[in-house]
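J.: Fold the following.
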Amino acid sequence: MKLRLQFLLTLILFSLACGSLIPSTRLTEPMLRNTSYRGIFEKPVQLVDGRYEGEPFDPQGISRPILIYQTHTWGKLDSDNNDDAAVILVATMGGSGSFYQLAAVLNRLGKPVNAATISLGDRVQIRSLRIEDRVITIQMIAHAPNDPLCCPSMAVTVRYRLQGETLVKVN
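T.: Residues are numbered from 1 along each chain as shown. Presented below is the predicted three-dimensional model:
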């Protein structure tokens, strides 16, 4: 009996060391495509398969709020050891605008939590997105002062750091 108990204890300790008994705490793209995002519309919205479609603004109209997942990158945004995510979302209100959003999503024991969201602008073109040293860096084409709304032309790099529940621009 003592040998059997010792064997079971050894097996459990080995499994714990290898991680086979610990559920995964990694976030996945499907999780990001099915999470709740705040700071874009009046209330937080839940994506389903990368999309949210709200009720029409006017009961007789067809214009409605829409939010679409576009892309993400992984990296550390806070002090724990888990990879978090920076997510690009596109919001429309039924008009011609496409408002790009940056969402910081923290990994809380394997569950995605949208910590902060900030607008990147209307009809910008995202060229790259990365996280290094807890800073989110976005290279994009934005509007120069005289650009028409359809056609941004100015290459810019913007950087944000998560501070509490706010994304703060850094130099």
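J.: Now do the buried residues in the lengthiest strand in the chain.
T.: Looking across the chain with DSSP state E, the single longest strand is strand 111-122. Neighbour counts over strand 111-122 (16 or more other Cβ atoms under 10 Å) mark 112, 114-118, 120-122 as buried. Any C-beta I mention is one placed from the backbone N, CA and C, and that applies to glycine too.
J.: Give the pairing partners of that strand; include direction for each.
T.: strand 99-108 (antiparallel) (DSSP bridges).
J.: Next, the contact list for the most centrally placed residue in the chain, please.
T.: Nearest to the geometric centre of the chain sits V87, at 2.9 Å (Cα atoms, centre = their mean). V87 makes contact with 32, 37, 69, 71-72, 102-105, according to Cβ atoms under 8 Å, 6 or more residues apart in numbering.
J.: Could you do D80 as well?
T.: N107.
J.: per-residue confidence at it?
T.: For D80, the model assigns a pLDDT of 90.
J.: I'd like to know how far it sits from G54.
T.: 33 Å (Cβ to Cβ, to the nearest Å).
J.: related to what we said a few turns ago, between the buried residues of strand 111-122, which sits nearest V170?
T.: I118 (12.5 Å; Cβ to Cβ).
J.: Just the local confidence number for that closest one, please.
T.: 98.
J.: Equivalent analysis for T25, please.
T.: T25 is given a pLDDT of 85.
J.: Is it correct that it is in contact with L109?
T.: Yes: between T25 and L109 there is a contact under Cβ atoms under 8 Å: 6.0 Å.
J.: where along the chain do the helices fall?
T.: Secondary structure of the chain (DSSP state H): helices at 2-18, 29-32.
J.: tell me what the shortest one is packed against?
T.: For helix 29-32, the packing partners by 3 or more Cβ pairs under 8 Å, 6 or more residues apart in numbering; DSSP states H and E come out as strand 66-75, strand 111-122.
J.: Worst mean pLDDT among the helices of the chain?
T.: helix 2-18 (a mean of 57).
J.: Quick check: bridge partners of the residue nearest to the centre of the chain?
T.: If you apply DSSP bridges, the partners that V87 bridges to are H72, A103.
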